[in-house]
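> coords below, sequence missing:
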């Protein structure tokens with residue numbers, strides 16, 4: 001097996017906290033020499049973990065870019081490495097940070113300075129999936145028969161991802177987080193997040209800045225949040241009846257959950273036990289410690305098995321593995337004016353003639369939940385293990401792909417399809433006939449990708465080759 005070791009960085013910029021992790025990843029070829037080259041991360045070693053800092057903000061609406069940049073430079077100096085020595089990495093912007101006024105400026109700033117990094121604004125659904133992979137819930141679901149839910153609770157939201165056999169089934173995000181109510185050591189309310197107001201109103205809770213709360217009042221408030229969230233997860237309260245608490249959901253009903261893992265900052269606090277005094281409860285100037293204690297207490301009333309996660313507050317990316325491939329231009333269909341493309345997330349589909357349109361529609365809805373639907377290319381579609389398709393069936397596949405994509409992503413300027421086998425040129429031409437003139441098609445083959453990978457597609461080389469970089473997030 002051919003091996004390659006690379007240094008990689010994972011940076012998570014969240015609502016409340018920011019952290020950096022340096023890792024050494026070993027990439028190994030897992031395909032035979034007679035098959036398409038496919039590398040996997042076969043070993044990972046974390047070599048440095050930064051202190052978890054408070055995410056620097058100029059004000060409630062803006063990230064402090066200069067302070068954040070200064071901290072990153074300081075961390076690189078501490079590690080003793082320059083950016084040029086870091087071969088790959090991942091910068092994930094999550095939580096309420098992702099909706100700050102200058103979040104896009106942060107995205108571009110990081111992309112310009114981060115070389116071959118995955119740089120992504122993670123919506124609540126993607127954040128939940130990443131956390132579930134980082135906590136070990138995704139991997140654990142491969143070993144058990146039932147469905148495993150990872151509840152990742154940070155400062156602003158609780159992001160829940162449901163896994164079965166390593167695959168994402170559903171996601172749901174709640175307005176439940178430790179920093180939604182800020183308090184001081186005397187119990188005085190310093191701030192109440194706007195996102196919590198609809199739920200407070202629905203429960204006839206009066207909570208305003210300047211009010212003074214007792215430990216019991218904060219516990220009752222936290223208990224109410226946890227109960228409604230867990231009632232929704234077990235189906236006692238339909239999603240439609242708790243809209244004041246639900247930020248977003250991939251479907252209206254959830255399957256039965258067997259096991260639960262807790263991650264995020266609140267997950268770490270849950271390991272510490274309930275705070276004995278108001279002063280202890282307010283040590284982070286928010287309700288996080290009490291929310292964590294009430295969640296662990298509430299879980300005992302539900303039919304879940306609570307499984308310890310392998311990571312809690314650091315359940316995030318530690319970097320990204322990377323492989324570069326050059327593919328022949330003879331078998332692909334491209335729109336050169338759209339290249340290069342960077343950091344395009346991958347949604348993987350399997351071909352089936354049964355209920356094809358409903359399947360593709362559900363898959364694209366999931367992609368819409370996970371990724372940036374307003375971007376010019378929200379995601380790439382990977383067609384894996386495709387059978388040989390005669391022309392009429394290939395045309396039928398193109399019709400469904402084109403119709404559903406155009407309807408769900410009217411602002412997109414290109415449809416990107418990644419095929420494992422040699423069919424890109426024919427499929428690309430069939431797709432072009434289905435789409436409007438202002439929607440281009442980029443269809444490449446001979447590339448192996450997995451759900452959740454990111455790809456870069458470079459400019460054509462000598463009109464015959466296209467370089468493709470596949471980046472796999474490491475946890």
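It's in. Note that the structure is predicted; figures quoted are calculated from it, not measured.

> break the protein down into its domains, please.
Here the domain parsing of the chain from automatic domain parsing is 3-122, 137-306, 333-444.

> quick one: distance of the shortest one to the chain centre.
It refers to domain 333-444. Relative to the centre of its chain, domain 333-444 is centred 21 Å away, using CA atoms, centre = their mean, to the nearest Å.

> same check, this time on the second one
Centroid displacement of domain 137-306 relative to its chain, using CA atoms, centre = their mean, is 19 Å.

> re earlier: of the domains of the chain, which is nearest residue 458?
With CB to CB, the closest approach to residue 458 among the domains of the chain belongs to domain 333-444: 4.8 Å. Heads up, the C-betas are built off the backbone N, CA and C, glycines and all.

> show the average pLDDT along that closest one.
Computed over domain 333-444, the mean pLDDT rounds to 80.

> what does stretch 51-68 give?
pLDDT averaged over stretch 51-68 gives 81.

> that stretch: end-to-end distance?
14 Å (CA to CA, to the nearest Å).

> list the buried ones in it?
52, 55-57, 63-64, 68 (16 or more other CB atoms under 10 Å).

> ok, back up a step: and the domains of the chain, which is most packed in?
domain 137-306 (a mean of 19; mean count of other CB atoms under 10 Å).

> in TSV: the buried residues of stretch 51-68, plus secondary structure and distance to residue 91.
Below are these laid out as TSV (DSSP: H, G, I helix; E, B strand; the rest coil; distance: CB to CB, whole Å):
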residue	secondary structure	distance to residue 91
52	coil	16
55	coil	13
56	coil	15
57	strand	18
63	strand	13
64	coil	16
68	helix	11
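
> what about the helices in the stretch 101-250 of the chain?
103-113, 124-135, 137-141, 197-202, 215-234 (DSSP state H, counting those that start in this stretch).

> closest to residue 273 out of these?
Nearest of the helices of the stretch 101-250 of the chain (CB to CB): helix 215-234, 13.7 Å.

> shouldn't residue 334 be in contact with residue 432?
No - applying CB atoms under 8 Å as the test, residue 334 and residue 432 come out as separate, 11.1 Å apart.

> circling back: closest one to residue 468 among the domains of the chain?
Taking the domains of the chain one by one with CB to CB, domain 333-444 is closest: 6.5 Å.

> nearest residue to the middle of the protein?
Taking CA atoms, centre = their mean, the centroid of the chain lies closest to residue 126, which sits 2.7 Å from it.

> ok, that one touching residue 370?
Yes - Residue 126 lies in contact with residue 370 (CB under 8 Å); the separation is 4.4 Å.

> helix, strand or coil for residue 416?
Under DSSP: H, G, I helix; E, B strand; the rest coil, residue 416 falls in the strand class.

> how about it, nearest residue that isn't a chain neighbour?
Closest residue to residue 416 apart from its sequence neighbours, by CB to CB, 6 or more residues apart in numbering: residue 380 at 4.0 Å.

> enumerate every residue touching that neighbour.
Neighbouring residues of residue 380 by CB atoms under 8 Å, 6 or more residues apart in numbering: 344-347, 416-418, 449, 455.

> give me that answer again for 10 Å
341, 344-348, 367, 414-418, 442, 444, 447, 449, 453-455, 457 (CB atoms under 10 Å, 6 or more residues apart in numbering).

> that one bridge partners, please.
residue 346, residue 416 (DSSP bridges).

> returning to what we had before: hey, what's in contact with both of residue 126 and residue 370?
Counting by CB under 10 Å, 6+ apart, the common neighbours of residue 126 and residue 370 are 161, 168, 171, 345, 452.

> secondary structure element for the last one?
With secondary structure defined by DSSP states H and E, residue 452 is part of neither a helix nor a strand.

> any chance of the shared contacts of residue 126 and residue 370 in CSV, with distance to residue 397 too?
Compiled in CSV, those are given as follows (distance: CB to CB, whole Å):
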residue, distance to residue 397
161, 29
168, 23
171, 27
345, 21
452, 23
